[in-house]
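Trainee: next one to model:
(4 chains)
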2 protein chains.
Amino acid sequence: MAKTAQSSGSRMRGIDRVVEILEVLREIGVPTQVGQLAARLNAPRSSIYEVIGSLAAAGILEVNPNTGEVFFGLASYFHGAAYARQNPIIGLGAEEVNRLGRATGETAELCTLIKSRYAIVHSMPGNSLLRMETKPGFTLPVPWTASGRLLVAHMSREEVEALIAPEDFNLPNGVTLSPDAFHDEVRAADAQGLCVTSGILDNFTKCIAVPIRSTFGQNVATLCFVVPVAIEPAREEALVAALRESQRRLSQYPASILAPGA
Amino acid sequence: MAKTAQSSGSRMRGIDRVVEILEVLREIGVPTQVGQLAARLNAPRSSIYEVIGSLAAAGILEVNPNTGEVFFGLASYFHGAAYARQNPIIGLGAEEVNRLGRATGETAELCTLIKSRYAIVHSMPGNSLLRMETKPGFTLPVPWTASGRLLVAHMSREEVEALIAPEDFNLPNGVTLSPDAFHDEVRAADAQGLCVTSGILDNFTKCIAVPIRSTFGQNVATLCFVVPVAIEPAREEALVAALRESQRRLSQYPASILAPGA
DNA sequence: ATAAAGTGTCCGGTATTTCGGACACTTGTT
DNA sequence: AACAAGTGTCCGAAATACCGGACACTTTAT
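Mentor: Numbers count the residues shown, from 1 in each chain, chains lettered A, B, ... in the order given. So this is what the prediction gives:
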């Protein structure tokens, strides 16, 4: 995804190598050999060995001594746990997602923004045959999702356009969305406190999302269902009602819990 | 804690700064200002600003724009989630800890080794007034805990002595443990599949631990209770039985789940 | 007001680090 | 057996990233 960096030519900072390695491991999602990482990053193997050695010594990465594969280490887990402790909405929202998933059998997700992309924070896969990629950490351009529209709904049009890269308006279904049209959809989503998109990611899925608002009016996260486009209207209404109930439960928490840093 | 590093004098690598910053944030456990981090690391403020800028741009750290405080970011959470996904024992063990805590009202913990220290991976605080530091990510020298004895029980005496720093045998209660005595305790713990220590961390606590063994015979983690030293024998037996039941449930998983990288 | 302490930013020089390439091994295929 | 592809380690040279120090502001205390 995203920038291939200015990798060629001159030497690159160790810190940037660290960031690159962690990012690519998150994308790949499974233990990976050093050589493959180097190839994927177009980085010299010697540098990557060096960096990984340091990170492994710190427990941030772990190297499987048998296979030579590299992946996140226990220290990374602790860092994530510390983040979750400071941001209770993660745990509370994950609980609601699990509840929604169990109650309805549909795929439910907790989403938010990371940098300028939509990201899945937690998901509960449903019973249906329809399966989206729902790993936590998976990211997509904002305009590709219903949740994305809600997550930028509290921003001004200028802020939104500064945030989103022009090419992100080219949807995977082939449509190119104009900034005007996107802006209108965002405004509508904000007004209704609900966003439903059909057939953007592919021809078979519909996303139904509601925002979690802090008392400052910021949309700090969304809850959403991913369902087949052909879902019956009555069923869809029931799912929206379920989302609203979870939304209500989360929205009762003070802003200090929903958005500790704002 | 641990090494103050060779911080003074010469220039330090950016990568090492990254590691230091993440480590100190884990130790402190709360959002912290850049100046305080620099002071704690005795590092030049300009360098720390620089490094934090890069890590924040990557989402690994987040800077609170109002207070200037720095802490882990959402990307760190995703890295931790990826680790947990590859190491299911984390989730399974945490579930057992919660069950143990709810069933008994005592403080229960899931522990393992990180580098050469004992680390709390997950904990459920009990009802009693007695409260130990139980944040995930908190670490102690191996000889200070019952779990520590079990976690090194599958190693040879030489491996153990290479792992543990000599000063770690100075217990917080003032006793200095000889390597011989420690070795005997480890052997006894291994033979019984149980370890109980009293009054090591302070005069009022007792730790009761059982190992989670992979089918390779490696002790990959422990489950333990932290209770008052004066606990009644019958109660202690009941707690041991509860630990054994959880241990049995976890031990039924194949080695590939308990220790994916081994 | 004045002072003191802390924050965030910028800059040039040099001590350090990244890179490219080579080497010895291992593994698996022809 | 010979070969190809990949892993892990080491090295010197050149490019540059880190440090020290300075500056302009803001906040709090005297």
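
Trainee: if we go by neighbour counts, what in the lengthiest helix in chain A is buried?
Mentor: Using DSSP state H to define each element, chain A has its longest helix at helix A:233-251. Of the residues in helix A:233-251, A:Leu239, A:Val240, A:Ala242, A:Leu243, A:Ser246, A:Gln247, A:Leu250 count as buried by neighbour count, 16 or more other C-beta atoms under 10 Å in any protein chain shown. To be clear about C-beta, it is placed using only N, CA and C from the backbone, and glycine gets the same treatment.

Trainee: can you give me the helices in the stretch 1-150 of chain A?
Mentor: Under the criterion DSSP state H, counting those that start in this stretch, the stretch 1-150 of chain A contains helices at A:14-28, A:34-41, A:45-57, A:74-86, A:89-104, A:146-151.

Trainee: packing partners of the third one?
Mentor: Yep, that's helix A:45-57 we're talking about. Packing contacts for helix A:45-57, counted by 3 or more C-beta pairs under 8 Å, 6 or more residues apart in numbering or on different chains; DSSP states H and E, involve helix A:14-28, helix A:34-41, strand A:61-63, helix B:14-28.

Trainee: and the second one, does that touch DNA strand D?
Mentor: Yes: remark: helix A:34-41 sits within contact range of DNA strand D at A:Val34, A:Gly35, A:Gln36, by C-beta under 7 Å from any atom of the strand.

Trainee: and the longest helix of chain A, how far out from the chain middle?
Mentor: Relative to its parent chain, helix A:233-251 has a centroid offset of 21 Å by C-alpha atoms, centre = their mean, to the nearest Å.

Trainee: only C-alpha atoms, please: export that helix in PDB.
Mentor: Extracted in PDB, the C-alpha atoms of helix A:233-251 (Å, rounded to 0.1, in the frame of the first residue of the first chain):
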ATOM      1  CA  PRO A 233     -35.300  -4.100   4.100                       C
ATOM      2  CA  ALA A 234     -36.900  -5.400   7.300                       C
ATOM      3  CA  ARG A 235     -33.700  -7.200   8.200                       C
ATOM      4  CA  GLU A 236     -31.700  -4.100   7.500                       C
ATOM      5  CA  GLU A 237     -33.900  -2.000   9.800                       C
ATOM      6  CA  ALA A 238     -33.300  -4.500  12.600                       C
ATOM      7  CA  LEU A 239     -29.500  -4.300  12.100                       C
ATOM      8  CA  VAL A 240     -29.700  -0.500  12.200                       C
ATOM      9  CA  ALA A 241     -31.600  -0.700  15.400                       C
ATOM     10  CA  ALA A 242     -29.000  -3.000  16.900                       C
ATOM     11  CA  LEU A 243     -26.300  -0.600  15.900                       C
ATOM     12  CA  ARG A 244     -28.200   2.300  17.500                       C
ATOM     13  CA  GLU A 245     -28.500   0.400  20.700                       C
ATOM     14  CA  SER A 246     -24.800  -0.300  20.900                       C
ATOM     15  CA  GLN A 247     -24.100   3.300  19.900                       C
ATOM     16  CA  ARG A 248     -26.300   4.500  22.700                       C
ATOM     17  CA  ARG A 249     -24.400   2.400  25.200                       C
ATOM     18  CA  LEU A 250     -21.100   3.700  24.100                       C
ATOM     19  CA  SER A 251     -22.100   7.300  23.800                       C
END
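
Trainee: which one is the residue of the stretch 101-250 of chain A found nearest DNA strand D nearest to, not counting chain neighbours?
Mentor: Residue nearest to DNA strand D within the stretch 101-250 of chain A: A:Phe216 (19.6 Å; C-beta to the nearest atom of the strand). Excluding its sequence neighbours, the residue lying closest to A:Phe216 (C-beta to C-beta, 6 or more residues apart in numbering or on different chains) is A:Ala255, at 5.3 Å.

Trainee: surely the one you found meets A:Gly217?
Mentor: No: assessed by C-beta atoms under 8 Å, A:Ala255 is found out of contact with A:Gly217, at 9.4 Å.

Trainee: comparing those two, which residue is more hemmed in?
Mentor: Remark: of A:Ala255 and A:Gly217, A:Ala255 carries more neighbours, 15 against 9, as counted by other C-beta atoms under 10 Å in any protein chain shown.

Trainee: now the more buried one: phi and psi?
Mentor: phi -60, psi -30 (degrees, to the nearest 10).

Trainee: and the helix or strand following the longest helix of chain A, what's buried?
Mentor: Sequence order places helix A:255-258 as the next helix or strand after helix A:233-251, per DSSP states H and E. Neighbour-count burial for helix A:255-258, counted by 16+ other C-beta under 10 Å, picks out A:Leu258.

Trainee: CA atoms of helix A:255-258 as CSV?
Mentor: Taking Å, rounded to 0.1, in the frame of the first residue of the first chain, the C-alpha atoms of helix A:255-258 are listed here in CSV:
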residue,chain,number,x,y,z
ALA,A,255,-15.4,12.5,26.3
SER,A,256,-12.4,11.7,28.5
ILE,A,257,-13.0,8.0,27.9
LEU,A,258,-14.0,8.2,24.2
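
Trainee: could you list the residues of chain A in contact with DNA strand C?
Mentor: When proximity is defined as C-beta under 7 Å from any atom of the strand, chain A approaches DNA strand C at A:Arg11, A:Met12, A:Arg13, A:Gly14, A:Arg17, A:Ala43, A:Pro44, A:Arg45, A:Ser46, A:Ser47, A:Glu50, A:Val51.

Trainee: quick one: contacts for the residue of the stretch 51-200 of chain A at minimum distance from DNA strand D?
Mentor: Evaluated by C-beta to the nearest atom of the strand, the stretch 51-200 of chain A has A:Gly68 as its residue closest to DNA strand D, separated by 2.7 Å. Neighbour list for A:Gly68: A:Gln33, A:Val34 [criterion: C-beta atoms under 8 Å, 6 or more residues apart in numbering or on different chains].

Trainee: same deal with A:Thr145?
Mentor: A:Cys111, A:Tyr118, A:Thr197, A:Ile200, A:Leu201, A:Cys207, A:Ala209, A:Cys224.

Trainee: please repeat the previous calculation with a cut-off of 7 Å.
Mentor: A:Tyr118, A:Thr197, A:Cys207 (C-beta atoms under 7 Å, 6 or more residues apart in numbering or on different chains).

Trainee: picking that back up, mind putting the helices and strands packed on helix A:45-57 into TSV with mean neighbour count and mean pLDDT?
Mentor: Converted to TSV, the helices and strands packed on helix A:45-57 look like this (neighbours: other C-beta atoms under 10 Å in any protein chain shown; pLDDT from 0 to 100):
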stretch	mean neighbour count	mean pLDDT
helix A:14-28	20	96
helix A:34-41	16	94
strand A:61-63	22	95
helix B:14-28	20	96
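
Trainee: I'd like these laid out as JSON lines, including distance to B:Gly80.
Mentor: JSON lines is the format used below for the helices and strands packed on helix A:45-57 (distance: least, C-beta to C-beta, whole Å):
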{"stretch": "helix A:14-28", "distance to B:Gly80": "11"}
{"stretch": "helix A:34-41", "distance to B:Gly80": "20"}
{"stretch": "strand A:61-63", "distance to B:Gly80": "13"}
{"stretch": "helix B:14-28", "distance to B:Gly80": "11"}
